[in-house]
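Engineer: Provide a 3D model corresponding to the input given below.
(2 chains)
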Amino acid sequence: MKYLPLVLASLLRRKTRTLLTVLSILTAFLLFGLLSAVDVLFNSVNESDSSTTRLVVQSRTSFTQSLPLRMAAELEAVPGVVDVTWQQWFGAQYQTPNSGIFGFAVPPDRWKRMYPEWVLPDAEAQAFVDTRTGIVVGRGMAERFGWSLGDRVPILSDIFPQRDGSKTWEFDIVGIFDGIDEAFQRQTANILFIHFDYFREANQFGSSFAGMYIIRVADADQLETVAAAVDARYLNSDMETKTQTEQAFQLSFARQIGDIGMIVQAILAAVLFTILLLTANTMAQSVRERIPELAVLKTLGFGDLTVLMLVLAEAFALVALGALAGMGIASLVGPGLTTGFGFPPLRMDAVVWMRALVVMAVMTLAVGLLPALRARRLSIVDALAGR
Amino acid sequence: MNETLVAIRNLSKSYRRGRQEVPVLENLSLDIARGDFLALMGPSGSGKTTLLNLIGGLDQPSAGEIEIGGERIDRLSSGALAAWRARHVGFVFQFYNLLPVLSAERNVELPLLLTKMGGAERLKRARTALEIVGLKDRARHKPKELSGGQEQRVAIARAIVSDPSLLVCDEPTGDLDRSTADEILTLLQRLNREYGKTIIMVTHDPKAAEFARQTLHLDKGVLVESAAQAA
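Structural biologist: From the prediction side, this is the model:
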């Protein structure tokens, strides 16, 4: 501790350079924290989510492959299943192709029972059941587009044209729902639900299919056995299923983008390597400039090892300052980044922090060891003579 | 003043320049009494600074013995020599060599960081040293906020803060005007007379040498003459 003022003073010798380096390290560790959290999240897909009792049943081939509607009754008959609903991806667009809307056709009564997370006044829920052209939209979305109850809105679907060939569907807004908590409230910005019966009758492709089923089991302990029972029920049939928890489904959906883990690790490696070079250069420059000062310390009796440790401590302080600030910011912003997309929050848990600490230690050695060894080896007489 | 503090026997030092061996000091023997104030003079390249570095334990001889305060420093390892320097020698350089990022008192405190002294005690001693050199009111100033003479006073305070018996000064007034140089030399003289410090000072300046008790002349690595001053 007694050397701390000396270490800090050395860091502050060139304030701008130190600040810029710390900011670079901060940015690198901010990315590191977030991407590591994503990596951890995607590697924890197989851990069942006991916080929910819902399972998603999709076609084993792909979630884009529809399943027959008759499965609803069959699923209800599986032991342990207490409720069943289904939904069909609608591919909704409003005004622009990239309007960021997740539109699903759902049976209103079943949907309401299955998702207590969506909070809707009873009268509006009933209106959704009763109005075949009715849709319910999230509060966030209604505010985003300036919609209110009773509005008739044109929604375009590239996937499901109407029987007359028109891709534009006209719907009546009969309900505006909220989220039960902050995370769900955030999702209301891009979700709407369409009456399944209307969709079924009016779309060009027919009426006997649904995109996927959502089933509720009596308690979370049954998730695994019910999922296995459902998949076993359709094994070797023409509609083999893949049943997983809702969270696992969301994560595997995101995995369709590609090998997230590999992408994350590649980005991390590139970022950290770049920052490593930059910081190493800063440290090397800093020690080079201070050769006479280090020689003075040695003259005063500071041993080779003490000088080596001082330079390493300086490297550590530089890295730790940026790294802890970066990880701190990642901890603050991480949880809010993914919940809007229906994913679990990005948390900087112990695994992520452990990874960060290891990277910090490796980075300290990588950027500090060579300058520290140079400082340790320097000859006092040569350094004082400017040789 | 008869006790010998520095005893040098048959000291030689040479450096390698490429394949060539360049002798700097040759078979030099010398005794310096405790409490002496010695000026080392001679032309550039005569080996003054090399001799000073060897006495200060900054370099090792090629041959010969250096005994200081009864300890053969030519036999010490690099680590032991560093520890010895911290305990027994104070250094004053021509260009002060203060750490620009530290205040005067933090610069003076530096040698005490190597002791087991607590922070408050270290600062107290650093301030006392600054008071001795007449810079008590400049304790919090950074080197760039001080004049050359004041910087050299801080360097002297740093040299005496751990109460070493020996001060080695390499051209301590080489970067100062006459009047400031005289102030610094008077201060060194006071440290010698009042505090009993043994001082070895390399200088080109005959007027500076007049402040010492005796002057030795070196030429081509050999002691050529000596003179004792009335001071």
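Engineer: per-residue confidence averaged over stretch A:172-189?
Structural biologist: Averaged across stretch A:172-189, the pLDDT comes to 85.
Engineer: swap that for stretch B:14-33, sorry
Structural biologist: Per-residue scores along stretch B:14-33 average to 89.
Engineer: Contacts made by it with the rest, please.
Structural biologist: B:1-13, B:38, B:47, B:50-51, B:54, B:61-62, B:64, B:198, B:200, B:216, B:220-223 (Cβ atoms under 8 Å, 6 or more residues apart in numbering or on different chains). No exception for glycine: its C-beta is placed from N, CA and C like everyone else's.
Engineer: contact partners of the longest helix seen in chain B?
Structural biologist: Scanning chain B for the helix with the most residues, using DSSP state H, yields helix B:178-195. The contact list for helix B:178-195, computed with Cβ under 8 Å, 6+ apart, reads B:35, B:37, B:92, B:132-134, B:147-149, B:152-153, B:156, B:160, B:167, B:169, B:172-173, B:176, B:197-199, B:201, B:205, B:207-208, B:211, B:213, B:231.
Engineer: Write the PyMOL selection for whichever of these are buried.
Structural biologist: Restricted to buried positions by 16 or more other Cβ atoms under 10 Å in any protein chain shown, the PyMOL selection for the contacts of helix B:178-195 reads:
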select buried, chain B and resi 35+37+92+132+133+148+149+152+153+156+160+167+169+172+173+176+197+198+199+201+205+208+211+213
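Engineer: Can you flag which of the contacts of helix B:178-195 belong to strands?
Structural biologist: Applying DSSP state E to the contacts of helix B:178-195, the entries found in strands are B:Phe37, B:Val92, B:Leu167, B:Cys169, B:Thr198, B:Ile199, B:Met201.
Engineer: Check the last one and give its pLDDT.
Structural biologist: Right, the one you point to is B:Met201. 96.
Engineer: contacting residues around the closest residue to chain A within chain B?
Structural biologist: At 2.5 Å from chain A, B:Ala86 is the closest residue in chain B, using Cβ to the nearest Cβ. Contacts here follow Cβ under 8 Å, 6+ apart; on that basis B:Ala86 touches A:Leu300, A:Gly301, A:Phe302, B:Pro111, B:Leu114, B:Thr115, B:Ser162.
Engineer: mind running it again at 6 Å?
Structural biologist: A:Gly301, B:Leu114 (Cβ atoms under 6 Å, 6 or more residues apart in numbering or on different chains).
Engineer: tell me which element the residue nearest to A:Gln265 when sequence neighbours are not counted falls in.
Structural biologist: Take A:Gln265 and drop its neighbours on the chain: the residue closest to it by Cβ to Cβ, 6 or more residues apart in numbering or on different chains is A:Asp39, 7.0 Å away. If you go by DSSP states H and E, A:Asp39 is part of helix A:15-42.
Engineer: wait, what's in contact with the most centrally placed residue in chain B?
Structural biologist: Chain B has B:Val168 as the residue nearest its centroid, 1.3 Å off, counting by Cα atoms, centre = their mean. By Cβ under 6 Å, 6+ apart, the contact set of B:Val168 is B:Leu52, B:Gly56, B:Phe91, B:Ile200.
Engineer: which is the next helix or strand following the helix holding A:Asp39?
Structural biologist: Helix A:15-42 is succeeded, C-terminally, by strand A:54-59 (DSSP H and E).
Engineer: What mean pLDDT does the following helix or strand past that following strand get?
Structural biologist: The helix or strand immediately downstream of strand A:54-59 is strand A:67-68, counting by DSSP H and E. What strand A:67-68 shows for mean pLDDT is 91.
Engineer: Also stretch A:125-135?
Structural biologist: Mean predicted confidence for stretch A:125-135 is 95.
Engineer: centre of the chain versus that stretch, how much separation?
Structural biologist: Put simply, stretch A:125-135 sits 33 Å off its chain's centre (Cα atoms, centre = their mean, to the nearest Å).
Engineer: in that stretch, what's buried?
Structural biologist: A:Ala125, A:Gln126, A:Ala127, A:Phe128, A:Val129, A:Thr131, A:Arg132, A:Gly134, A:Ile135.
Engineer: isn't the first one right up against A:Arg113?
Structural biologist: No: counting by Cβ atoms under 6 Å, A:Ala125 stays clear of A:Arg113, with 10.1 Å between them.
Engineer: what about chain B, any weak spots by pLDDT?
Structural biologist: Counting by pLDDT under 70, chain B has low-confidence residues at B:1-2, B:225-231.
Engineer: which bits of it sit near chain A?
Structural biologist: B:53, B:58-59, B:79, B:82, B:85-86, B:91, B:97, B:99, B:101-102, B:110-111, B:113-114 (Cβ under 6 Å from any Cβ of the partner chain).
Engineer: among those, which are in helices?
Structural biologist: B:Asn53, B:Gly79, B:Ala82, B:Arg85, B:Ala86.
Engineer: By neighbour count, which of the residues you listed wins?
Structural biologist: The residue in those with the most neighbours, by other Cβ atoms under 10 Å in any protein chain shown, is B:Arg85 (28 neighbours).
Engineer: can you pull the contacts of that residue?
Structural biologist: A:Gly301, B:Gly57.
Engineer: burial count for the nearest residue to the residue nearest to the centre of chain B once chain neighbours are set aside?
Structural biologist: Once flanking residues are discounted, B:Val168 sits nearest to B:Gly56: 4.3 Å by Cβ to Cβ, 6+ apart. By the criterion of other Cβ under 10 Å, B:Gly56 has 24 neighbours.
Engineer: Over to A:Trp169?
Structural biologist: Count around A:Trp169 with other Cβ under 10 Å applied: 23.
Engineer: cool, and the one 3 residues further on?
Structural biologist: Here the neighbour count serves as a burial measure; for A:Asp172 (other Cβ under 10 Å) it reads 16.
Engineer: Tell me how far it lies from A:Ile194.
Structural biologist: Applying Cβ to Cβ, to the nearest Å, the value for A:Asp172 to A:Ile194 is 11 Å.
Engineer: ditto for A:Val7
Structural biologist: 63 Å.
Engineer: Identify the residue spatially nearest to A:Ala366, adjacent ones excluded.
Structural biologist: A:Ala366's closest residue in space is A:Leu276 (Cβ to Cβ, 6+ apart), at 5.6 Å.
Engineer: Quick check: pLDDT value at the one you found.
Structural biologist: 86.
Engineer: Which helix or which strand is home to it?
Structural biologist: helix A:260-289.
Engineer: how far off helix A:15-42 does that helix point, in degrees?
Structural biologist: Relative orientation of helix A:260-289 versus helix A:15-42 (axes from the mean of the first three to the mean of the last three Cα atoms, to 10 degrees): 160 degrees.
Engineer: where exactly do the strands run in the stretch 201-350 of chain A?
Structural biologist: Assigned by DSSP state E, counting those that start in this stretch, the strands in the stretch 201-350 of chain A fall at A:209-210, A:212-217, A:241-245.
Engineer: can I get those in TSV with distance to chain B, mean neighbour count and mean pLDDT?
Structural biologist: As requested, the strands of the stretch 201-350 of chain A are exported to TSV (distance: least, Cβ to the nearest Cβ, whole Å; neighbours: other Cβ atoms under 10 Å in any protein chain shown; pLDDT from 0 to 100):
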stretch	distance to chain B	mean neighbour count	mean pLDDT
strand A:209-210	71	18	87
strand A:212-217	64	22	93
strand A:241-245	57	23	91
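Engineer: wait, which of those strands is closest to B:Ala139?
Structural biologist: Taking Cβ to Cβ, strand A:241-245 is the member of those nearest to B:Ala139, at 67.5 Å.
Engineer: That closest one relative to strand A:212-217, how many degrees between them?
Structural biologist: Using the same axes, to 10 degrees: strand A:241-245 against strand A:212-217 is 50 degrees.
Engineer: which other residues reach strand A:241-245?
Structural biologist: With Cβ under 6 Å, 6+ apart, strand A:241-245 has contacts from A:Ser48, A:Asp49, A:Leu55, A:Val57, A:Gln58, A:Arg60, A:Ala227, A:Val230, A:Asp231, A:Tyr234.
Engineer: Kindly report the same for stretch A:379-387.
Structural biologist: So stretch A:379-387 is contacted by A:Ile291, A:Pro292, A:Ala295, A:Lys298, A:Thr299, B:Asn53, B:Leu58, B:Asp59 (Cβ under 6 Å, 6+ apart).
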